[in-house]
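J.: predicted model, plus sequence, below.
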Protein chains: 2
Amino acid sequence: MASKDPQVLLRKGPLEPRIDRDLFEPPYYQLANILRRQIATGELRPGDRVASEVQLCERYAVSPMTARRALTILLDEGLVTAARGRGTFVKPMVLGTASFGLGALEELFNGEHTLVRFLSVKTMPATARISQRLEVPVDDRIIAIRRLLLRDAAPVAYHREYVIFDPARPIIEAEMGITSLQGLFQGSGETVLKRGDLGIQTTVLTEEEARLLEAPIGSAAFRVEHTFFDFDEQPVSWGWFIVRGDCLRFNATVGVQSPAASGR
Amino acid sequence: MASKDPQVLLRKGPLEPRIDRDLFEPPYYQLANILRRQIATGELRPGDRVASEVQLCERYAVSPMTARRALTILLDEGLVTAARGRGTFVKPMVLGTASFGLGALEELFNGEHTLVRFLSVKTMPATARISQRLEVPVDDRIIAIRRLLLRDAAPVAYHREYVIFDPARPIIEAEMGITSLQGLFQGSGETVLKRGDLGIQTTVLTEEEARLLEAPIGSAAFRVEHTFFDFDEQPVSWGWFIVRGDCLRFNATVGVQSPAASGR
DNA sequence: TAGTGGTCTAGACCACTTA
DNA sequence: AAGTGGTCTAGACCACTAG
C-alpha cells in the first residue's frame, strides 16, 4: 500500500531516510530500524506489503544480504510475515506472540540487598511424588533443601528443592553450588545441568509459607516450579519457589516497541 | 575441549555426521542440529569452544555463510555465546534466559469450546485511576466492558476493560471487534492498535470474581493487565483478565531441548 | 512469465583477542 | 602475526505465487 504511493516510488530525497555508513550502527541495523519506525508510526500498517528485498537494495543502496538481514530481524521480532512468492507483510499485533522472561524474578534474587538463608538441608526417603518427579524408587534417599530469600531483610521467596543423592555421581556438591541461586541465573561457569523445565502458577500461602514469608495466610503468591536434568537426561533436582505476589510482576510487550531501538 | 580430541581433529569418517544435500532440511538447519545434538549429548560441554566458522566450513563442506547461519541459530537460542577474536563457546544453562509465551493464555481463549459472554457494556465517567491509565481527563466518558470467558460452559476468566470514547476517532467499533478476543490473539486483519503492554500478577478472587468464576473466594488467580496503544501512541484501552489459577500455567524450557529438533 | 522470498556460494575487509 | 567473529558484497539457483 505505502509502496504504491507515488512519493515513495519517486523517492524524494529529503523525505527518505538514508543509510549512514559512517555511523556506529551497521547498515543492516539501520535499515531494520527504518522499517521498524515506519511500522511504528503507521506509515506501514498491518497488512501492508513491505518493500521487497530487491527494492530495498535499490532504495537504500545495500546488497541483497544486508536487506535480507534487516527483514530477518523484523521477522524474528514477529513484526512481519514473509510469504514466498508473494512478499513480506506487516503483521497485526498478536497477543499470543508476546513473551515474558524471568528477568523480574532474577532481579528479585540478584539484587544487592538479597540474602539467601538456608533453613534446612537434610536427607530423607523419597515420597511418592518426589520419586515420580526425580524418577527414582520410592524411599530412595534424596536431599531436601529449604531456603528463604530475603531482600532488605524482608522475606520475599521460599524455596524447596529435592536433589538426587547418588554417591556415584558427584553431582550433589556441584548442584549445591549451582542452586545457591547466584549461579542459577547468571550461569555459573561449568555445570552438570543440561536442561530445565519451568512452570509458573498461582497459589495462596499455606500456614508454613505464610509464617516464613511474614505474610497473611491465603495471600496471593507465584509458584515457580523447576525440574533440572543432567546430560543423561536424568532429573537431578525438582523444586519450586513460592514468591510473595506483591514482590513480583512479569511484564511483556506485544507489537512495536515505542522509542527504543533494542536489538535482539 | 572436545575439539582438541584427536578423533575429532582426525575426522574419522563414519563417526562424523554429514550434511545430506538431498534431504528436505536445508544444510544450515542440519548443521545447527548436529551442533545442537553435540551440546545435548554432552559431547560439547558448557565452556567448550565450538569449532570456528572456518573449521565448520572445511569439516562439513559448506560455505562460510552457511556455517555462520547455523551458529547464529544457536546464538539466538541462547545455547552459545560468540566472542569476537576468541571463538564461540557453549553457554551453561541460564535460568534468566527462559522465556514464557502467552500461548497458554491464547489456548485458554481460542479453544473450540470457548465462549465469550458480555456481562455489561456501558459508558461511564472516568475514575481517577482510569483517567490516569487512559491519559484522559477525569470524568471524561469512557466505555466500560465486562466479559466472562467460558470453556465448556465453565467460567475460566473474567475480563474488565475500559475503552476510550472519542466520536472523532472511530476506534470504538473497531476496538469492540478486536477486543471480542477472537481477534486479540489471532490478529484481526487490520487493526488500529499498534502496541500493547502486559503485566502478569497473582491475586486472590474477590467476592464478585468468585461468584462469576464459580470458585471459592480467596482462590488463587492470575491477573493479566493490558494497555493497548494506537498509532499515535495514545492509550486506547486498559483492562485486565482474572483467570482461575487452576486453568492456567505458563511453561518454558531452558537449556537444550531434549529430542525435538524444533526450529525457531 | 515475472516477481518474490529461501537458500547458498565464494570470497572480502574489519576489529578484536591472544600469543 | 595469526586466528576469530562481525559484517558485507555481488552475484546465483530454486520453489512458489500471481497475473
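T.: Received it, and whenever you're ready, just let me know what you need.
J.: helix, strand or coil for A:Glu107?
T.: Secondary structure, DSSP: H, G, I helix; E, B strand; the rest coil: A:Glu107 is helix.
J.: what's the distance between it and DNA strand D?
T.: Applying Cβ to the nearest atom of the strand, to the nearest Å, one obtains 26 Å for the distance of A:Glu107 from DNA strand D. The C-beta positions use only the backbone N, C-alpha and C, and glycine is treated the same way.
J.: for A:Gly42, give me phi and psi.
T.: Main-chain torsions, A:Gly42, degrees, to the nearest 10: phi 90, psi 0.
J.: cool, and A:Thr123?
T.: Note on A:Thr123: backbone dihedrals following degrees, to the nearest 10 are phi -100, psi 150.
J.: buried stuff in stretch A:66-73?
T.: By 16 or more other Cβ atoms under 10 Å in any protein chain shown, the buried positions in stretch A:66-73 come out as A:Thr66, A:Ala67, A:Arg68, A:Arg69, A:Ala70, A:Leu71, A:Thr72, A:Ile73.
J.: and it, does that touch DNA strand D?
T.: Yes: counting by Cβ under 7 Å from any atom of the strand, DNA strand D has neighbours in stretch A:66-73: A:Thr66, A:Arg69.
J.: residue numbers of the stretch 51-200 of chain A in contact with DNA strand D?
T.: Proximity of the stretch 51-200 of chain A to DNA strand D, by Cβ under 7 Å from any atom of the strand, involves residues A:Val62, A:Ser63, A:Pro64, A:Met65, A:Thr66, A:Arg69, A:Ala83, A:Arg84, A:Gly85, A:Arg86.
J.: can you give me the neighbour number for the last one?
T.: Counted with other Cβ atoms under 10 Å in any protein chain shown, the burial measure for A:Arg86 works out to 10 neighbours.
J.: residue of the stretch 51-200 of chain A nearest DNA strand D, please.
T.: Nearest residue of the stretch 51-200 of chain A to DNA strand D (Cβ to the nearest atom of the strand) works out as A:Gly85 at 2.5 Å.
J.: measure the residue most central in space within chain A to DNA strand C for me?
T.: By Cα atoms, centre = their mean, chain A has its centre lying nearest to A:Gly101, at 2.9 Å. When distance is defined by Cβ to the nearest atom of the strand, A:Gly101 is 26 Å away from DNA strand C.
J.: apart from its chain neighbours, what residue comes closest to that residue?
T.: With Cβ to Cβ, 6 or more residues apart in numbering or on different chains as the criterion, A:Gly101 has its nearest non-adjacent residue at 4.9 Å, and that residue is B:Ser99.
J.: the one you found contacts B:Phe250, doesn't it?
T.: No: B:Ser99 sits out of contact with B:Phe250 when judged by Cβ atoms under 8 Å, with a separation of 10.0 Å.
J.: ok, back up a step: would you reformat the buried residues of stretch A:66-73 as a markdown table and include secondary structure?
T.: Converted to a markdown table, the buried residues of stretch A:66-73 look like this (three-state DSSP):
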| residue | secondary structure |
| --- | --- |
| A:Thr66 | helix |
| A:Ala67 | helix |
| A:Arg68 | helix |
| A:Arg69 | helix |
| A:Ala70 | helix |
| A:Leu71 | helix |
| A:Thr72 | helix |
| A:Ile73 | helix |
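J.: need the contact list for A:Gly78.
T.: With contacts taken as Cβ atoms under 8 Å, 6 or more residues apart in numbering or on different chains, A:Gly78 has the following neighbours: A:Lys91, A:Val94, A:Thr97.
J.: 6 Å instead, please
T.: Remark: with contacts taken as Cβ atoms under 6 Å, 6 or more residues apart in numbering or on different chains, A:Gly78 is in contact with A:Thr97.
J.: same question, the one 3 residues further on
T.: Counting by Cβ under 6 Å, 6+ apart, A:Thr81 touches A:Phe89, A:Lys91.
J.: try the one 10 residues further on
T.: For A:Lys91, the set of contacting residues under the criterion of Cβ under 6 Å, 6+ apart consists of A:Val80, A:Thr81.
J.: so where's the stretch 101-250 of chain A shaky on pLDDT?
T.: Counting by pLDDT under 70, the ranges of the stretch 101-250 of chain A that qualify are A:111, A:167-191.
J.: tell me the residues of it that contact chain B?
T.: A:101-102, A:106, A:184-185, A:187, A:190-191, A:193-204, A:218, A:220, A:222, A:231, A:245, A:249-250 (Cβ under 6 Å from any Cβ of the partner chain).
J.: selection in PyMOL covering whichever of those residues are buried, please.
T.: With 16+ other Cβ under 10 Å as the burial test, the buried ones among those are selected in PyMOL as follows:
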select buried, chain A and resi 101+102+106+184+185+187+191+193+194+195+196+197+198+199+200+201+202+203+204+218+220+222+231+245+250
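J.: list buried residues within the residues of the stretch 51-200 of chain A next to DNA strand D.
T.: A:Val62, A:Thr66, A:Arg69.
J.: so who does the residue lying closest to the second one once chain neighbours are set aside touch?
T.: Spelled out, it's A:Thr66. The spatial neighbour of A:Thr66 that comes closest, neighbours along the chain excluded (Cβ to Cβ, 6+ apart), is A:Tyr28 at 4.9 Å. A:Tyr28 makes contact with A:Thr66, A:Arg69, A:Ala70 under the criterion Cβ under 6 Å, 6+ apart.
J.: now flag whichever of those is closest to A:Ala40.
T.: Of all the contacts of A:Tyr28, A:Ala40 sits closest to A:Ala70, with 15.0 Å by Cβ to Cβ.
J.: any idea how far A:Glu112 is from the closest one?
T.: Using Cβ to Cβ, to the nearest Å, one obtains 39 Å as the distance from A:Ala70 to A:Glu112.
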